[in-house]
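Asks: Need the 3D shape of this:
(2 chains)
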Amino acid sequence: MDLATKKELMKTACNVRMGVIEAVFSAKSGHPGGSLSISDLLTYLYFKEMKVDPKNPKCPKRDRLVLSKGHTAPGLYSVLAQKGYFPVDELKGLRQIGRMLQGHPDMKTIPGVDMSSGSLGQGISVACGMALSAKISNDSYRVFTILGDGEIQEGQVWEAAMFAGFRKLDNLIAVVDNNGLQIDGNIEDVNSPYPIDEKFKAFNWHVINLDDAHDFDKIEAAFEEAKTVKGKPVVIIQKSVKGKGVSFMENNAAWHGSAPNAEQYEQAMSELKAAYAAL
Amino acid sequence: MSEVVKKATRQSYGEALAELADKYENLVVLDADLARATQTQVFWKKCPERFFDCGIAEANMMGIAAGMAATGKIPFASTFAMFAAGRAFEIVRNSIGYPHLNVKIGATHAGISVGEDGATHQCNEDIALMRTIPGMTIINPADDTEAKAAVAAACEIDGPVYLRFGRLATPIFNDPTTYKFELGKGIELKSGKDVTIIATGLMVNESVEAAKALAEAGIDARVINIHTIKPIDKDIIIKAAKETGLIITAEEHSVIGGLGSAVADVVTENCPVPVIKVGVNDEFGKSGPATKLLVKYGLCAENIAETVKKSMGLKK
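Replies: A predicted model of the protein is given here:
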């Protein structure tokens, strides 16, 4: 990736993160930690990888994204706003009565949201259904889905993994956001899903380990490899930092589902603005 | 009178899917390793390229159906009522109901008439569960004719539909050449002024038989078939309440949350009269031949007639 493109993506990701902080601060609730850990991923998907058009959000030929870890809706909403699906200012209405942005993604009311989600473990099944649908209609669109590493404790994820591997859904790309933390603590202390890669391999998936989910060159390499895979679904297991970009939120499970106060908000925004300015 | 022809509505379901395959090119059928029981095998044989066995994984199957509906298909997700409405309830609610996706749930082996498999497979709760999902259409056909018409009607509805079918072969009493299915409309099968029996599913035919017996005892019973439990036909229920002053409901489902509850909801708010429920009481089923279980659990014409007679004193 050339430096200019990379810088643009990094700037956009910074804006996405600021949108996340704005949204959860306005709502006084929401999930910043996991939204920040996938901000670079979402930026890459919507600004580099996916064939989508914010002016035609329901285009049947578009690529789809199912946010299986639906609680990180602030991240999705923020990238959709950056992409132009709706005004960035709308983020301040997150979780408010009478406003569009629901606590978890709602495909019926929010432009650009391809599937309603929020109850963990369900989105990957829906993504499989979309991918299968494309296969039988000979459509060329691809389906992306993002799962949490805690989320894969849900049994339905493995029902879907078995199905996708068996059906050879090579138009399906799943990303497991391996930030290592869930509400009750470290994933390996709560109910360890490790080894994640071996599990997907056993279900006949092509596994790509992305060792730094915040490096756009490495993200690009992972998705370029995914494009070469035929006859298997692809899972990218991305090693990420929960709360990435806001120093006091990084690697702290307490920021899974809580909003910053005014002082914390100011600090978070000044850190992100400084990061943007440095670019 | 000609001999009574019987067929299980699950068989009607499979045949209807196959019959509709040509009309709806985007119709796909999913099953969870029960194609020979749900009778989706009829469709499978005709259109193997549009049939997807998801294996024994009902939660995933409902999600697959949601994804296919979100991309323009009309999926019929099929399994036993216990697993469709019970096991997969939360997936049906959140991945199908909440986004109001165009998924048709073909739930077979509903009710106590599952028979020998016993309580774990006898789903007497599915109507109650599905009624709580906003926007869910619920259809419980009474015979082969109605079941086939219901499957066809479901294809024309843009949104989730729960279709309830039985394992037991039951009499075909609707004439396919004259029968007309109207979604959300009850059917008055027999007029009557003394009491109204409102029934659904295999209890409709039992109610017609009960009304004949009651006529001999001097009680003029109206019989209404409610195939669409949601949205329910309020008008026909209110009219019956006003004109007959007593309603007996009959269903092969728990008395908690099913047709009886749906009818009572309408009656209590609009024209309060006694509503007495005939159904499966608050207990689990047992193994045994279906016809004997229907007797054991009080789901026969005699039980309905007896309930009517005992309740006449409550009439408003």
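
Asks: Can you report how many residues lie near the nearest residue to A:Val229 once chain neighbours are set aside?
Replies: The shortest distance from A:Val229 to any non-neighbouring residue, by CB to CB, 6 or more residues apart in numbering or on different chains, is to A:His206 (4.5 Å). From N, CA and C alone the C-beta is placed, and that goes for glycine too. By the measure other CB atoms under 10 Å in any protein chain shown, the count of residues near A:His206 is 20.

Asks: again, but for the one 4 residues further on
Replies: The criterion is other CB under 10 Å. On that basis, A:Leu210 has 22 neighbouring residues.

Asks: State the distance from B:Lys230 to B:Ala262.
Replies: Per CB to CB, to the nearest Å, B:Lys230 is found 7 Å from B:Ala262.

Asks: so what's A:Leu41 up against?
Replies: Applying CB atoms under 8 Å, 6 or more residues apart in numbering or on different chains to A:Leu41 gives the contacts A:146, A:175, A:177, A:213, A:219, A:238, A:240.

Asks: Quick check: residues of the stretch 1-150 of chain B near chain A?
Replies: B:28, B:49-50, B:52, B:54-55, B:57, B:59-60, B:62-73, B:75, B:90-91, B:94-95, B:98-100 (CB under 8 Å from any CB of the partner chain).

Asks: ok, 6 Å please
Replies: B:57, B:59-60, B:63-64, B:66-68, B:71, B:73, B:91, B:94-95, B:98-99 (CB under 6 Å from any CB of the partner chain).

Asks: More neighbours: which of B:Lys230 and B:Ala262?
Replies: B:Ala262 (25 against 20).

Asks: what helix or strand does that one sit in?
Replies: helix B:259-270 (DSSP states H and E).

Asks: residues making contact with that helix?
Replies: B:198, B:200, B:229, B:232, B:234, B:237-238, B:241, B:249, B:251, B:275, B:277, B:279 (CB atoms under 6 Å, 6 or more residues apart in numbering or on different chains).

Asks: Among those residues, which are located in strands?
Replies: Residues of those located in strands (DSSP state E): B:198, B:229, B:249, B:251, B:275, B:277, B:279.

Asks: so can I have TSV of the residues you listed showing distance to A:Glu271?
Replies: Shown next, in TSV, are these (distance: CB to CB, whole Å):
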residue	distance to A:Glu271
B:Ile198	66
B:Ile229	56
B:Thr249	64
B:Glu251	62
B:Val275	64
B:Lys277	64
B:Gly279	63
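
Asks: Farthest pair within those residues?
Replies: For those, the maximum inter-member distance is 14.8 Å, found between B:Ile229 and B:Val275 (CB to CB).

Asks: out of these two, which sits in the busier spot?
Replies: B:Ile229 (27 against 23).

Asks: Check what pLDDT that one gets.
Replies: B:Ile229 is assigned a predicted lDDT (pLDDT) of 98.

Asks: Quick check on the residue lying closest to it once chain neighbours are set aside: phi, psi?
Replies: Among residues not flanking B:Ile229 along the chain, B:Ile138 sits closest, at 4.3 Å (CB to CB, 6+ apart). Reported as degrees, to the nearest 10, the phi and psi values for B:Ile138 are phi -120, psi 120.

Asks: Relative to A:Lys7, how far out is B:Ile138?
Replies: On the measure of CB to CB, B:Ile138 and A:Lys7 end up 56 Å apart.

Asks: Between the two, which is the more surrounded one?
Replies: Between B:Ile138 and A:Lys7, B:Ile138 has the larger neighbour count (other CB under 10 Å), namely 28 against 13.

Asks: now the helices: where do they sit in the stretch 151-300 of chain B?
Replies: Using DSSP state H, counting those that start in this stretch, the helices of the stretch 151-300 of chain B run over residues B:203-216, B:234-244, B:259-270, B:290-296.
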